[in-house]
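*Asks:* Return atomic coordinates for the entry below.
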Amino acid sequence: MTNFARTARISAVLFGACALIAGSAVPASAAADPKEKPQTSSEKPTAAGAVRVCVQPEAPTGSRIPPRRECKTRDQWIKETGIDPLANR
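*Replies:* Numbering: from 1, shown residues only. Sure, this is the predicted structure:
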């Protein structure tokens, strides 16, 4: 009977330790990075007649990190690339 009591006590201690570790890890993973700015609205007001076009390029092969989205006005896209991004729409 003493072997059973010893095994039960060790199991209870291990279970409690695992519960404490798991409980302390959950709030840390859910907390926001204080250096990050809150994502409110990345859209800036544009002048009348200016259309803002955003492009999300594809990630390179093997990368799980998506590249940053590029947002420019329609006139800027035409000036830089020579292609109207809204011509096919």
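*Asks:* a strand runs through residue 71, doesn't it?
*Replies:* Yes: counting by DSSP: H, G, I helix; E, B strand; the rest coil, residue 71 is located in a strand.
*Asks:* I'd like to know how many residues surround it.
*Replies:* 14 (other CB atoms under 10 Å). Every C-beta, even on glycine, is put in place using the N, C-alpha and C of the backbone.
*Asks:* Show me what it bridges to in the sheet.
*Replies:* Note on residue 71: beta-bridge partners by DSSP bridges are residue 54.
*Asks:* That one contacts residue 52, correct?
*Replies:* Yes: here residue 71 reaches residue 52: they are 5.9 Å apart, a contact under CB atoms under 8 Å.
*Asks:* Any regions of the protein where pLDDT drops low?
*Replies:* 1, 18, 20, 22-49, 89 (pLDDT under 70).
*Asks:* in it, which spans are strands?
*Replies:* 52-55, 70-73 (DSSP state E).
*Asks:* For the first one, enumerate the helices and strands it packs against.
*Replies:* It refers to strand 52-55. Applying 3 or more CB pairs under 8 Å, 6 or more residues apart in numbering; DSSP states H and E, one finds that strand 52-55 contacts strand 70-73, helix 74-81.
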